[in-house]
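> prediction below, plus the sequence it came from.
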Amino acid sequence: MLHPGPDSKAELIETLAEAQDKDVIGAQSREMLEGVIRMADMTAGDVMVAAPRMDVIDIDAPYDELLHLVIETAHSRFPVYEGEKENIIGILLAKDLLKLQRAPELNIRALLRPAVFVPESKGLNDLLRDFRGNRNHLAIVIDEFGRVAGLITIEDVLEQIVGEIEDEFDSADDDGDIFALSDRSHRVNGDTAIERINEAFGVRLPMGEFDTIGGLIAHEMGHVPKRGEIFEIAGLVFTVQLARGGAVRWFKVSPAR
């Protein structure tokens, strides 16, 4: 009675903050525990990659086109459709394309894994349990009308707990989002504010409808840029180094010649 426990999730989170202040737990442990608590109220629709940003494969596409998409996007799994993009008929693992090289007589349909469909309202806790139980790492999210709303991966769910899972393009340095490279070019995060780009490179990109350089370039190009695509603006050449989740994560920026 003298030391009542927390009565709500908000109070529990405050208790975790107090525990960190008293050095009972570390900052990273507190962030992960808070992620677990907040995830209980989140659904697949909250963290999915929306349908327009999905990288999908046409079952009737030629092998060279499939291989190009796999290399360009660097995903390990792809939804496969037939006819219309709404008609998802299975999931193709990138590594299974190697089987076609060894046995060209194989039909790509034979390589497809069953697609798992989940509603937008499915809780992330339940979804994580399903991912672990059925060993599927990707699910197609459908809306209340049965249409494809997007996709979600086990990585998307885990990132709600542990934070963004780093790859070779992520930096442990939190001091900035523009990094100088040895060849006098720069590596720039797609979420970098346009104002910061203007200041760093001495240019005058418009700061109206779009806040980030990734959003501006996607608008100017008319589509979500893919890895390897190049776009020139304001005397700068932006080369897409990494695109994930339907958005550009990193650009390489160099002066136009």
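Cool, got the structure. Numbering: from 1, shown residues only.

> what average pLDDT does the helix or strand harbouring R132 get?
In the assignment (DSSP states H and E), R132 maps to helix 124-134. On average, the pLDDT along helix 124-134 is 91.

> give me the contact list for it.
With contacts defined as C-beta atoms under 8 Å, 6 or more residues apart in numbering, helix 124-134 is touched by 39-40, 42-44, 46-47, 116, 118, 136-137, 139, 152, 154, 157-158, 160. Where you see a C-beta, it was placed from the backbone N, CA and C, and this is true even at glycine.

> could you redo the last one with a cut-off of 7 Å?
Applying C-beta atoms under 7 Å, 6 or more residues apart in numbering, the external contacts of helix 124-134 come out as M39, A40, M42, T43, A44, V118, H137, A139, I154, V157, Q160.

> next: stretch 215-224.
Under the contact criterion C-beta under 7 Å, 6+ apart, stretch 215-224 has outside partners R53, I194, L205, F210, P225, F231, I233, F238, G246, A247.

> the third one and R227, how far apart?
Using C-beta to C-beta, to the nearest Å, one obtains 22 Å as the distance from L205 to R227.

> what about T239, neighbour count?
When neighbours are defined as other C-beta atoms under 10 Å, T239 has 17 of them.

> which helix or strand contains it?
In the assignment (DSSP H and E), T239 maps to strand 236-244.

> which neighbouring elements make contact with that strand?
strand 230-233, strand 247-255 (3 or more C-beta pairs under 7 Å, 6 or more residues apart in numbering; DSSP states H and E).

> so for I152, what's the pLDDT?
On the pLDDT scale, I152 is placed at 93.

> likewise G45?
In this model, G45 is scored at 89, pLDDT.

> check contacts around it.
Taking C-beta under 7 Å, 6+ apart, one finds E120, S121, V141, A149 in contact with G45.

> that one belongs to a helix, doesn't it?
Yes. Counting by DSSP: H, G, I helix; E, B strand; the rest coil, G45 falls inside a helix.

> can you count the residues close to the closest residue to F117 other than its chain neighbours?
Leaving aside its chain neighbours, F117 sits nearest to I140 (5.0 Å; criterion: C-beta to C-beta, 6 or more residues apart in numbering). Using other C-beta under 10 Å, I140 is surrounded by 21 other residues.
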